[in-house]
Each structure stands twice: as structure tokens, then as C-alpha cells.
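Asker: Coordinates only, no sequence provided:
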């Protein structure tokens with residue numbers, strides 16, 4: 001019988017150093033890099049709140065103070081905007097501070113995602129909880145987290161989000177061995193492998209940055225030795241839970257996600273995300289899209305692309 005404890009809390013690991021974006025992230029957390037006019041981390045918190053998880057624990061580290069400031073009140077700024085009668089921007093500032101009940105704990109040292117999740121133990125207690133990685137943004141129109149909570153409510157255990165990729169991409173991710181269930185988008189996970197080669201991968205379904213964890217994961221993480229790079233991997237703990245009886249918090253299920261995901265963890269994908277979001281903004285698209293088309297035409301022409309006999 002499935003554990004009927006409700007998922008009410010979200011954990012957002014945000015202690016990474018952001019080295020891929022240096023020097024921009026020397027003094028600014030990568031999670032605070034804007035996607036158009038809103039930091040990436042706010043989209044993630046909004047997703048949690050939309051799924052009914054208004055209690056959010058942020059796992060931070062040194063030089064992450066601006067994340068806390070962003071979700072806090074900014075009284076001087078609010079007064080300045082109020083004095084100018086700028087209600088639109090005042091509402092935007094209030095939006096981030098009124099979004100959720102925010103909590104913070106420092107990871108101390110970067111020892112991997114599993115260690116970051118374990119830092120949430122005191123706050124979460126003996127309840128199931130969601131983990132949302134700040135590098136992964138799920139389109140607000142695709143209710144992935146809602147679906148994962150439904151699966152947890154039905155089956156208990158832990159639930160991970162899976163996305164199908166080309167075989168040559170599996171080595172960059174955790175990969176799942178899966179078994180079909182009576183629901184097309186739900187699978188039972190029998191094994192998990194961290195960054196396998198294409199030949200050793202059990203499937204083309206990779207883990208993306210959304211998890212629903214049973215509280216049993218904390219005891220497993222305490223006993224999980226460091227893996228690749230000396231880090232404690234959440235994947236290794238979930239692999240153990242996949243072989244643990246349901247009555248002991250075991251069982252891992254996967255939700256096959258076929259929607260829109262944006263990866264802001266590297267420069268190229270970050271730029272693509274910004275362009276995609278700007279292209280769908282009704283206040284920006286009417287001017288931005290014609291400019292973008294003209295820019296591409298002129299860029300191609302200056303580089304000899306698209307001429308006679310060329311694609």
C-alpha cells in the first residue's frame with residue numbers, strides 16, 4: 001500500500017560554483033543570471049509553488065547572499081517605485097518576495113547533489129519532498145511536477161523525471177533501466193547508472209532535474225560513499241531505494257517527460273533559453289522577432305550562407 005503522506009515541501013540545491021559562466025559568476029550566483037528580466041531561480045520557485053509547494057528550502061553556499069535578498073523585501077526600492085507611481089515594476093518586485101515561504105541552509109562544502117539533499121533533512125523531517133535543480137527549467141505550461149506528485153500519491157516511494165535523448169548523449173547524464181506499467185508515461189525504475197557510455201547505458205531515458213524523494217533517502221545518503229569526483233550522488237541513493245521494499249520507503253518510479261525543458265547550465269543552452277523566452281513574450285516579441293530575423297539574414301549574407309546553390 002502506498003504511503004499517503006502529502007508532498008508539501010520543495011528543496012532547491014543552489015550551492016554550485018557556476019564555473020561554466022565565469023567571470024560573470026565570480027560575484028553573482030549562476031542561479032541569479034536573468035532569463036529576460038527574471039533570474040532563472042525564480043522560475044524554478046514559481047514551478048514549485050504552482051504545484052502546491054509553497055514551503056521552499058534553498059541549499060546555498062558562500063557568495064549566494066543575493067539569492068536570499070532577491071526573495072526578501074526591498075523596502076528602499078519599493079518606496080522609490082511607489083513614489084514614482086511605477087506600479088508595474090513595484091508589483092514585479094513584490095512578486096518575488098511574496099512567492100513562497102523561503103528557508104535557507106548552507107551546504108558548507110560542495111560534496112555533490114546527494115550531500116546537498118541530505119542538508120535538507122532537519123527541515124524536511126519524515127515527509128516526502130520535491131527536489132528541483134536550478135539548472136533545469138520546465139515550461140510553466142507543462143505540469144511535470146504535478147504529474148510526479150500524482151504518481152507518488154498512487155505508488156509511494158520516490159519518483160524521478162525522465163527524458164529520452166539520443167544514444168550519444170546519455171554519457172552526460174544519469175540513466176535509468178525501466179519497466180513498463182499500466183500507464184504510458186509511468187515506468188518502474190529497476191536500476192540507475194551515473195553517466196554511462198552509450199554501449200553500457202540501460203536505456204536512452206536520462207534523469208532530468210526533478211525528483212520526489214521518500215524521506216528514506218536520508219538514511220541511505222548517510223551510508224552512500226562518495227562516487228565520481230569524490231561527490232555523494234543522489235543517483236546512487238535512489239539506486240539503493242529501487243531495490244528496497246516498499247514498506248521501507250523503497251520503490252522508484254519514473255515519469256516520462258515529453259514536454260519543454262530548458263537547460264541553463266551551459267552558455268549555449270542558456271542563450272537559447274533567453275531567445276525562446278523573449279520570442280514568446282507579448283511585450284517583446286513584436287519588435288524582437290523581426291529584428292532577430294533581420295539579424296540572421298544579414299549574418300548569413302555576410303558569411304556567404306544562403307546564396308545561389310546554398311541552403
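Answerer: Looks like it arrived, so ask away. What you see is a predicted model; the values in this text were computed from it and never measured.
Asker: Only C-alpha atoms from now on, for both contacts and neighbour counts.
Answerer: Fine.
Asker: Hmm, residue 119 and residue 13 touching each other?
Answerer: No: if you go by C-alpha atoms under 8 Å, residue 13 and residue 119 don't touch, sitting 9.5 Å apart.
Asker: Next one: the closest residue to residue 197 other than its chain neighbours from residue 137, what distance?
Answerer: Here the nearest residue to residue 197 in space, its sequence neighbours aside, is residue 171; by C-alpha to C-alpha, 6 or more residues apart in numbering that works out to 5.1 Å. From residue 171 over to residue 137 the distance is 21 Å, taken as C-alpha to C-alpha, to the nearest Å.
Asker: higher neighbour count, these two?
Answerer: The residue with more neighbours, out of residue 171 and residue 137, is residue 137; 23 against 18, by other C-alpha atoms under 10 Å.
Asker: hang on, that one is in a strand, isn't it?
Answerer: Yes: counting by DSSP: H, G, I helix; E, B strand; the rest coil, residue 137 falls inside a strand.
Asker: in the stretch 51-200 of the chain, which spans are strands?
Answerer: Per DSSP state E, counting those that start in this stretch, the stretch 51-200 of the chain carries strands over the ranges 55-60, 101-106, 129-132, 136-138, 158-164, 174-180, 186-194.
Asker: Which strands and helices lie in contact with the second one?
Answerer: In terms of contacts (3 or more C-alpha pairs under 8 Å, 6 or more residues apart in numbering; DSSP states H and E), strand 101-106 is packed against strand 55-60.
Asker: ok, the strand it packs on: who's next to it in the sheet?
Answerer: strand 9-13 (parallel), strand 101-106 (parallel) (DSSP bridges).
Asker: So which bits of the longest one are buried?
Answerer: This means strand 101-106. Applying a neighbour-count criterion of 16 or more other C-alpha atoms under 10 Å, one finds 102, 104, 105, 106 buried in strand 101-106.
Asker: about what we covered before: hey, what's in contact with both of residue 13 and residue 119?
Answerer: residue 59 (C-alpha atoms under 8 Å, 6 or more residues apart in numbering).
Asker: neighbour-wise, which of these two wins?
Answerer: Higher neighbour count among residue 13 and residue 119: residue 13, with 27 against 20, using other C-alpha under 10 Å.
Asker: Now the most centrally placed residue in the chain: closest residue in space, sequence neighbours ignored.
Answerer: The residue lying closest to the centre of the chain (C-alpha atoms, centre = their mean) is residue 133, at 3.0 Å. Spatial nearest neighbour of residue 133, excluding adjacent residues (C-alpha to C-alpha, 6+ apart): residue 209 at 4.9 Å.
Asker: hang on, that neighbour in a strand?
Answerer: Yes: assigned with three-state DSSP, residue 209 falls within a strand.
Asker: what stretches of the stretch 1-150 of the chain score poorly on pLDDT?
Answerer: For the stretch 1-150 of the chain, the stretches flagged by pLDDT under 70 are 1-4.
Asker: which residues in it form helices?
Answerer: 40-50, 65-70, 75-84, 87-97, 113-118, 121-124, 144-155 (DSSP state H, counting those that start in this stretch).
Asker: Out of the ones you listed, the one nearest residue 27 is which?
Answerer: Closest to residue 27 of the helices of the stretch 1-150 of the chain is helix 65-70 (C-alpha to C-alpha; 9.5 Å).
Asker: And the closest one, what's buried?
Answerer: 67, 70.
Asker: which helices and strands sit right next to it?
Answerer: Right, helix 65-70 is packed against no helix or strand by 3+ C-alpha pairs under 8 Å, 6+ apart.
Asker: Would you pull up how far it lies from the middle of the chain?
Answerer: The chain centre lies 18 Å from the centre of helix 65-70; the measure is C-alpha atoms, centre = their mean, to the nearest Å.
Asker: residues making contact with it?
Answerer: Residues contacting helix 65-70 (C-alpha under 8 Å, 6+ apart): 28, 29, 31, 32, 96, 97, 104.
Asker: give me the low-pLDDT residue ranges for the stretch 201-311 of the chain?
Answerer: 306-311.
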